[in-house]
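> have a look; sequence and predicted model below, questions after that.
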Amino acid sequence: MPSVELTEPVFADTIENNELVILDFWAEWCGPCKAYGPVYERVSDEFPDVVFGKIDTEDQQALAGMFGIRSIPTTIAFKEGIGVFMQPGALPEQALRDLVKMLQDLDMDEVRAEMAEREAQSE
C-alpha cells in the first residue's frame, strides 16, 4: 500500500485503528529524506496490511515536537497503539523490510507485561 501523508487531525485515529503503523518524519529540504523516500515507498508496497505514514516536519510541527524529532529522517513504529520503535537516520532498504517483519512478529502481550512491570518498579 502506498504511504499516506499524515496530519495532526487524523494522526491519533490512524495509530489507534491500525495494528501496525510505520512513520517517516521528513522535510522537503532534507537531502537524506529525499533519498529515503523511494526506499520507504518500495517497502510500503510490499506490506499492504501495514500503514506507512509520512509526516512533513515543516507542515506538522506539533507532531514533530510531540515526538521530540531532532533529526530527519526519523522512523517511528506503533503496534496496537503502542510506540515500539524509534530511530533517527535513513534505514537501508533491507533493514526497513526486516524491521517491518520483526514488528509483525512482535508479541504485544509481552510488551504490555514489560511496560506494566516497569511502571510498577517506578512507583
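Noted; the coordinates are in hand.
> from now on I want contacts and neighbour counts done on CA atoms only, so please keep to that.
Will do.
> contact partners for the residue of the chain positioned farthest from its centre?
Distance from the C-alpha centroid of the chain peaks at E123, with 29.3 Å (CA atoms, centre = their mean). Not one residue lies near E123 by CA atoms under 8 Å, 6 or more residues apart in numbering.
> wait, a strand at K34?
No: secondary structure of K34 (DSSP: H, G, I helix; E, B strand; the rest coil): helix, not part of a strand.
> just give the nearest non-adjacent residue to it, would you?
Once flanking residues are discounted, K34 sits nearest to E28: 7.4 Å by CA to CA, 6 or more residues apart in numbering.
> I figured the one you found was touching G37, is that so?
No: at 10.4 Å, E28 and G37 do not qualify as touching, with contact defined as CA atoms under 8 Å.
> report the set of residues contacting both of the two.
By CA under 8 Å, 6+ apart, no residue touches both E28 and G37.
> the two: who's more crowded?
G37 (16 against 11; other CA atoms under 10 Å).
> what about the spatially closest residue to E16 that is not a sequence neighbour, distance to E117?
Leaving aside its chain neighbours, E16 sits nearest to G81 (5.1 Å; criterion: CA to CA, 6+ apart). Distance of G81 to E117, computed by CA to CA, to the nearest Å: 19 Å.
> again, but for E19
Distance, E19 to E117, by CA to CA: 23 Å.
> then F11?
Separation of F11 from E117 (CA to CA): 28 Å.
> who's more crowded, the two?
Shown here are F11 and E117; by other CA under 10 Å, F11 has more neighbours (14 against 11).
> what about the host helix or strand of that one, distance to the chain center?
Using DSSP states H and E, F11 sits in helix 8-16. Relative to the chain's own centre, helix 8-16 is displaced by 12 Å; criterion: CA atoms, centre = their mean, to the nearest Å.
> which SSE is immediately downstream of that helix?
Immediately after helix 8-16, counting by DSSP H and E, sits strand 20-26.
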